[in-house]
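K.L.:
pasting a predicted model and its sequence here:
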Amino acid sequence: MNRDQFNKKIDSFNDELINLRRHIHAHPELSGLENQTAILISGFLKEIGWNVKESIGRTGVIADFGPLDKGVIGLRVDMDALPIFEETKLSFSSKVDGVMHACGHDLHISIGLGVAKIIKDLKLNFGTRIIFQPAEEIASGAGWMIKDGATNGLTHILGVHVYPDLSVGTIGIKEGSLTAAAGELKVEIKGKSGHGARPHEGVDAIWVASKVVSGIQESITRKLDPLDPVVLTFGKINGGNAFNVLAEKVNLIGTVRCTNRKVFKNIGNWLNENITSLANSCGAEAKVIFREITPAVNNNSEINKVLRDSGIKVLGQENVIELQKPSLGAEDFAEFLNEIPGAMFRLGVSNANGCAPLHSSKFDPDERAIAVGIKVITESIVKLNNEKINTIGK
């Protein structure tokens, strides 16, 4: 299939994919509940001749095509929506109150199905597996699917995510860390209750919590290397029972993000030590619980090069953007990269009027990005084969 035939083939089914995307957008499903989405995907893939396995990682779907004994390249796309009330006023807006595809996973699905339609017509001498993953938004689906064997036999894996900061028709490539590692931090401050008029007779847990919230930010800027940034945000605080009683207990919950693997590995102990010290200095006790949610997406340099070269070939040098900064958002595609070498690229979805940010109730990506994603990914899959599938990225 030459370049003109390749482009004409994509053009021939582009409207079908856009209609599928709009149907999925109008019928979003939350993390772990992507049942109807999975049925649609499975039916589409079976009809065009792919070998489909359902209920992988709960509601996930994997589809294989081609010989699997000479190496298998994977493509991962996510399926879940977010608990957001849509405000786009599109004709295909969400029909489910309080649920919306506000992170582009509906586009990702359409891209995956488009790649499947192209791959089935290419006589490749290796296998391709497309992994339709649930529950990315709660950073659980990748682990579920890996546990159920989704990566068995894979030699490499590719990923894509829409990116409102880039114009449609462009892609972004990032060496090293593309996204941050993410963790959850829970802190329980225990003081001593007393009368609000006599604070010196007790230990005010609300006062201590305020010291912890501000003090740990100061500690981060003074004690940690600023070249390896750490972001800590407390998003929830709860404590106290009455307006005139010193709070005995305050609970804080927050998120921690960083891109350096070594820093992230040690950050839980560091936070425990420093938060406990801050609380103790005020006469209170602190119980600190840190939970790792997902590691950073760390792109394999050789596979990243394949994505870059493929993008240049199908889009032109000027439309392949070298991203200089990682995102401090989290992405559980990182779990796949702990198993096998791979890389993820950013897909531009902004039109002449711009595009609202990810997770916005007004997020409205340009659908022309679907064809762009299909072209870059398909070219990359073919190129990986041509550059010795069993050695690259090892």
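P.N.:
Okay, I see it. In this text, all values refer to a predicted model and were calculated from it rather than measured experimentally.
K.L.:
show me what the lengthiest helix in the chain is in contact with.
P.N.:
With secondary structure taken from DSSP state H, the chain has its longest helix at helix 3-26. Residues outside helix 3-26 that contact it (C-beta atoms under 8 Å, 6 or more residues apart in numbering): 1, 37, 40, 44, 90, 92-95, 101, 106-107, 109-110, 113-114, 117-118, 121, 367, 370-371, 374-375, 378. Quick note: C-beta positions are derived from backbone N, CA and C, even for glycine.
K.L.:
give me the buried stretch members for it, please.
P.N.:
The neighbour-count check on helix 3-26 (16 or more other C-beta atoms under 10 Å) flags 6, 9-10, 13-14, 17-18, 20-22, 24-26 as buried.
K.L.:
quick one: the helices in the stretch 51-200 of the chain, in order.
P.N.:
Assigned by DSSP state H, counting those that start in this stretch, the stretch 51-200 of the chain shows helices spanning 105-119, 141-147.
K.L.:
which residues in the stretch 101-250 of the chain form strands?
P.N.:
All strands of the stretch 101-250 of the chain, identified by DSSP state E, counting those that start in this stretch, fall at 127-133, 154-167, 171-173, 176-177, 181-190, 230-239, 249-258.
K.L.:
distance to His359, mean neighbour count and mean pLDDT added to the ones you listed, as TSV?
P.N.:
Listed next are those as TSV, based on distance: least, C-beta to C-beta, whole Å; neighbours: other C-beta atoms under 10 Å; pLDDT from 0 to 100:
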stretch	distance to His359	mean neighbour count	mean pLDDT
strand 127-133	18	27	98
strand 154-167	10	23	98
strand 171-173	18	22	98
strand 176-177	21	17	96
strand 181-190	14	21	98
strand 230-239	14	14	98
strand 249-258	14	20	98
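K.L.:
so can I have TSV of the ones you listed showing distance to Glu318?
P.N.:
Formatted as TSV, the strands of the stretch 101-250 of the chain follow (distance: least, C-beta to C-beta, whole Å):
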stretch	distance to Glu318
strand 127-133	29
strand 154-167	11
strand 171-173	12
strand 176-177	23
strand 181-190	33
strand 230-239	33
strand 249-258	32
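K.L.:
among those, which comes closest to Lys287?
P.N.:
With C-beta to C-beta as the measure, strand 181-190 is the member of the strands of the stretch 101-250 of the chain nearest Lys287 (4.3 Å).
K.L.:
and that closest one, what does it pack onto?
P.N.:
When contacts are defined as 3 or more C-beta pairs under 8 Å, 6 or more residues apart in numbering; DSSP states H and E, strand 181-190 packs onto helix 205-223, strand 230-239, strand 249-258, helix 261-281, strand 285-294.
K.L.:
same thing but 7 Å
P.N.:
Helices and strands touching strand 181-190, by 3 or more C-beta pairs under 7 Å, 6 or more residues apart in numbering; DSSP states H and E, are helix 205-223, strand 249-258, helix 261-281, strand 285-294.
K.L.:
report the central residue of this protein.
P.N.:
Glu331 (2.7 Å; C-alpha atoms, centre = their mean).
K.L.:
can you report how many residues neighbour the residue nearest to it when sequence neighbours are not counted?
P.N.:
Closest residue in space to Glu331, ignoring its immediate chain neighbours: Thr179 at 4.5 Å, by C-beta to C-beta, 6 or more residues apart in numbering. By the criterion of other C-beta atoms under 10 Å, Thr179 has 25 neighbours.
K.L.:
and the gap between Thr179 and Val162?
P.N.:
For Thr179, the distance to Val162 (C-beta to C-beta, to the nearest Å) stands at 14 Å.
K.L.:
now stretch 53-64: buried residues?
P.N.:
56-64.
K.L.:
for that stretch, give me every contacting residue.
P.N.:
With contact meaning C-beta atoms under 7 Å, 6 or more residues apart in numbering, stretch 53-64 is reached by 32, 34-35, 38, 41-42, 45, 50-52, 116, 127, 129-134, 141, 144-145, 148, 150.
K.L.:
let's see 6 Å
P.N.:
By C-beta atoms under 6 Å, 6 or more residues apart in numbering, the residues outside stretch 53-64 that reach it are 32, 34-35, 38, 41-42, 45, 50-52, 127, 129-134, 141, 144-145, 148, 150.
K.L.:
now that stretch: average pLDDT?
P.N.:
Taken as a whole, stretch 53-64 carries a mean pLDDT of 98.
K.L.:
who's in contact with Glu201?
P.N.:
So Glu201 contacts Gly194 (C-beta under 6 Å, 6+ apart).
K.L.:
I'd like the numbering to begin with 19 instead of 1 from here.
P.N.:
Renumbered: residue one is now 19, and that last one reads Glu219.
K.L.:
and for the nearest residue to Thr106 once chain neighbours are set aside, the neighbour number?
P.N.:
Ranked by C-beta to C-beta, 6+ apart and with sequence neighbours excluded, the top spatial neighbour of Thr106 is Asp382, at 5.0 Å. Asp382 is flanked by 22 other residues according to other C-beta under 10 Å.
K.L.:
and Asp382, what's its pLDDT?
P.N.:
The per-residue pLDDT reported for Asp382 equals 98.
K.L.:
so Asn316 is in contact with Ser195, correct?
P.N.:
Yes. Between Asn316 and Ser195 there is a contact at 5.5 Å, judged by C-beta atoms under 6 Å.
K.L.:
read off the pLDDT value for Ala168.
P.N.:
What the model reports as pLDDT for Ala168 is 98.
K.L.:
my read: it touches Phe150, true?
P.N.:
No. Using C-beta under 6 Å, Ala168 is not in contact with Phe150; the gap is 9.8 Å.
K.L.:
would you map out the domains in this structure?
P.N.:
Split into domains by automatic domain parsing, the chain comes to 21-197+314-404, 199-312.
K.L.:
quick one: contacts of the host helix or strand of Ile330?
P.N.:
Taking DSSP states H and E as the definition, Ile330 sits inside helix 319-333. If you take C-beta under 6 Å, 6+ apart as the criterion, helix 319-333 is touched by 174, 189, 191, 338, 359-361, 363, 393-394, 397-398, 401-402, 410-411.
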